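Asker: Kindly generate the corresponding structure for this input.
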Amino acid sequence: MWTTKNIGQQKMPFLLSTFFSFLIVATRSAAQVTPPLIVFGDSTVDTGNNNYINTTKDFQANFPPFGKDYFDKPTGRFSNGRVFVDLICEYAGRPHVSPYLEPGADHSKGVNFASGGSGVLDETNQGMAISLKMQLQNFVNFGDGLIEKWGTELAKKYFSDAIYVVSLANNDYMGGYFAEQELQQKYTPQEFLALVVSDVVKACEFLRSKGARKMVVAGVGPLGCIPAVRALHPAQECFEQGTQMAIAHNMALEMALKDWTSHHPEITVLIADFLTYMTERQDNPTAFGLSNGAGACCGNTAPCGRNNPTTGAEYSLCANAHEYVYWDAFHSTEIIAQGWAKEIWDGPNASRFISPMNLRTLFELSSAHDDEEVAELETYAGGSTKTIEKFDHTVL
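Answerer: Residues are numbered from 1 along each chain as shown. Now for the predicted structure:
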């Protein structure tokens, strides 16, 4: 004879089974859209590594008013708030990725090796920033530590599931080629561009050899039109050679990456176009709800957050950075980063700014960790008793 008590007893195992099945599916679903994010680059994606290196204030953003419009304090990001990789993390429903050099940071969801001022070439701002080669060496060191902590298999899965972001080369041109007479005498613009693009592809190949299977590679921005460059030219005009170099770099980079991936069908590479997005907004700011596309919100007569070292003049600060394309003489505002990140994530115009697919699709391509792996990743533990297999330490 069935009673209410019997019904409850009969249903409980079924309900529990259903509940735990749901949790497993939910966990797997979450893991599928939140693979680790591993970032290399310059100030476009640096989230604070330069806070921890011996450099000058020109290469740091760990003082006011940086960060004021989102974090309410400086974090080391070269922005009034977030940079675009922060926004990608948010759209993916995951925490921001911490700098590699941040003491005690949790890197179970990803790691950021980027450094403001860095270039593709070792010589770019040498000694002032973490070069791409050194970022890759830090990646190797991180890999060794992860294998020791988690064990070979789990660490390998972390690196193969991860999405890699590579965003740099701006400094090689504006802080390198166009600023150094010696480089201009040694290389034609075409030769120097080929050197930079070749080294970007070499870095991607190095990452592929370490397990990378999904990458996002960003081209350079409007090199000839940043406020720092406009200030050097009559009537605040853009530097045409810089503009043409940016266009040529992005075209050459896309061609080189397509050729490289044609030999590696296991690799998916997205090419992100920041130049077009920025150019449209700086040339016609009012069409996008902005008021100023040429000047910097912070700085102008002095570096942002500091007095002019020559004249002693104080820096200026606009009332509303959200109306500006540029935050300071070199970097875009958070509103620009937010808009571009949304477009390349899953925006209606994504195909204009990223190809061959949007970022959301790339994230969803990442295979899910199984339940045991998810638990280990969440706790950033395990592996101390497993076989350790060191990374190959040959960098580029």
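Asker: quick one: low-confidence ranges for the stretch 251-396 of the chain?
Answerer: By pLDDT under 70, the low-scoring segments of the stretch 251-396 of the chain are 367-396.
Asker: Let me see the contact set for the most centrally placed residue in the chain.
Answerer: In the chain, the centroid-proximal residue (C-alpha atoms, centre = their mean) is Val45; its distance is 4.0 Å. Residues in contact with Val45, defined by C-beta atoms under 8 Å, 6 or more residues apart in numbering, are 39, 83-85, 112, 114, 165, 167. Where C-beta positions appear, they are placed from N, C-alpha and C, glycine not excepted.
Asker: Out of those residues, name the ones that lie in strands.
Answerer: 39, 112, 165, 167 (DSSP state E).
Asker: Out of these, give me the one that has the most neighbours.
Answerer: Asn112 (29 neighbours; other C-beta atoms under 10 Å).
Asker: that older thread, and the furthest pair within the ones in strands among the contacts of Val45?
Answerer: Asn112 and Ser167 (10.8 Å; C-beta to C-beta).
Asker: Name the residues contacting each of these two.
Answerer: Common contacts of Asn112 and Ser167 (C-beta under 8 Å, 6+ apart): 39, 45.
Asker: did I read that right, Ala156 in a helix?
Answerer: Actually, residue 156 is Lys rather than Ala. Yes: in this structure, Lys156 lies within a helix as judged by DSSP: H, G, I helix; E, B strand; the rest coil.
Asker: Could you pull out the strands in the stretch 1-150 of the chain for me?
Answerer: 37-41, 110-112 (DSSP state E, counting those that start in this stretch).
Asker: Partner strands of the longest one, with direction?
Answerer: Read it as strand 37-41. Counting by DSSP bridges, the strands paired with strand 37-41 are strand 110-112 (parallel), strand 163-167 (parallel).
Asker: So for it, mean pLDDT?
Answerer: The average pLDDT within strand 37-41 is 98.
Asker: mind checking how far that strand is from the chain centre?
Answerer: Distance of strand 37-41 from the chain centroid (C-alpha atoms, centre = their mean, to the nearest Å) equals 5 Å.
Asker: swap in the last one?
Answerer: Going by C-alpha atoms, centre = their mean, the spacing between the C-alpha centre of strand 110-112 and its chain's C-alpha centre is 9 Å.
Asker: Outside of it itself, which residues are in contact with it?
Answerer: 36-39, 45-49, 85, 89, 94, 97-100, 142, 162.
Asker: So which of these are in helices?
Answerer: Among the contacts of strand 110-112, the ones falling in helices (DSSP state H) are 85, 89, 142.
Asker: Looking at the residues you listed, spot the one nearest Gly224.
Answerer: Of all the ones in helices among the contacts of strand 110-112, Gly224 sits closest to Val85, with 24.8 Å by C-beta to C-beta.
Asker: Hmm, that closest one is touching Val39, no?
Answerer: Yes: the pair Val85 and Val39 passes the contact test of C-beta atoms under 8 Å, sitting 5.5 Å apart.
Asker: Common neighbours of the two, please.
Answerer: Counting by C-beta under 8 Å, 6+ apart, the contacts common to Val85 and Val39 are 45, 47, 97, 112, 165.
Asker: Now flag whichever of these is closest to Pro285.
Answerer: Relative to Pro285, the closest of those is Val45; by C-beta to C-beta it sits at 23.8 Å.
Asker: measure that closest one to Val97 for me?
Answerer: 9 Å (C-beta to C-beta, to the nearest Å).
Asker: residues shared between the contacts of those two?
Answerer: Common contacts of Val45 and Val97, defined by C-beta under 8 Å, 6+ apart, comprise 39, 85, 112.
Asker: if I pick the spatially closest residue to Asn170 that is not a sequence neighbour, what's in contact with it?
Answerer: Excluding its sequence neighbours, the residue lying closest to Asn170 (C-beta to C-beta, 6 or more residues apart in numbering) is Val220, at 4.9 Å. Counting by C-beta under 8 Å, 6+ apart, Val220 touches 169-170, 173, 246, 249-250, 274-275.
Asker: try 6 Å this time
Answerer: Applying C-beta atoms under 6 Å, 6 or more residues apart in numbering, we find Val220 in contact with 169-170, 246, 249.
Asker: so is the closest residue to Leu183 other than its chain neighbours in a helix, a strand, or just coil?
Answerer: Distances taken as C-beta to C-beta, 6+ apart put Tyr177 closest to Leu183, at 5.0 Å, once the chain neighbours are dropped. When classified by three-state DSSP, Tyr177 comes out as helix.
Asker: Which one, of the strands paired with strand 37-41, ends up nearest to Asp72?
Answerer: strand 110-112 (20.8 Å).
Asker: that older thread, let me have the contacts of Val45 in a markdown table, adding distance to Glu153 as columns.
Answerer: Listed next are those as a markdown table, based on distance: C-beta to C-beta, whole Å:
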| residue | distance to Glu153 |
| --- | --- |
| Val39 | 24 |
| Val83 | 33 |
| Phe84 | 32 |
| Val85 | 27 |
| Asn112 | 25 |
| Ala114 | 28 |
| Val165 | 25 |
| Ser167 | 30 |
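Asker: and Ala248, how many neighbours?
Answerer: Counted with other C-beta under 10 Å, Ala248 comes out at 15.
Asker: what about it, which helix or strand?
Answerer: helix 240-262 (DSSP states H and E).
Asker: What segments of the stretch 251-396 of the chain are strands?
Answerer: Counting by DSSP E, counting those that start in this stretch, the strands of the stretch 251-396 of the chain are 268-272, 292-296, 298-299, 316-317, 324-326, 354-355.
Asker: so which of those strands gets nearest Ala235?
Answerer: strand 292-296 (10.6 Å).
Asker: So in that sheet, which strands flank that closest one, and in what orientation?
Answerer: strand 324-326 (parallel).
Asker: Excluding its own residues, what touches stretch 178-187? List them.
Answerer: For stretch 178-187, contacts defined as C-beta under 6 Å, 6+ apart pick out Tyr177.
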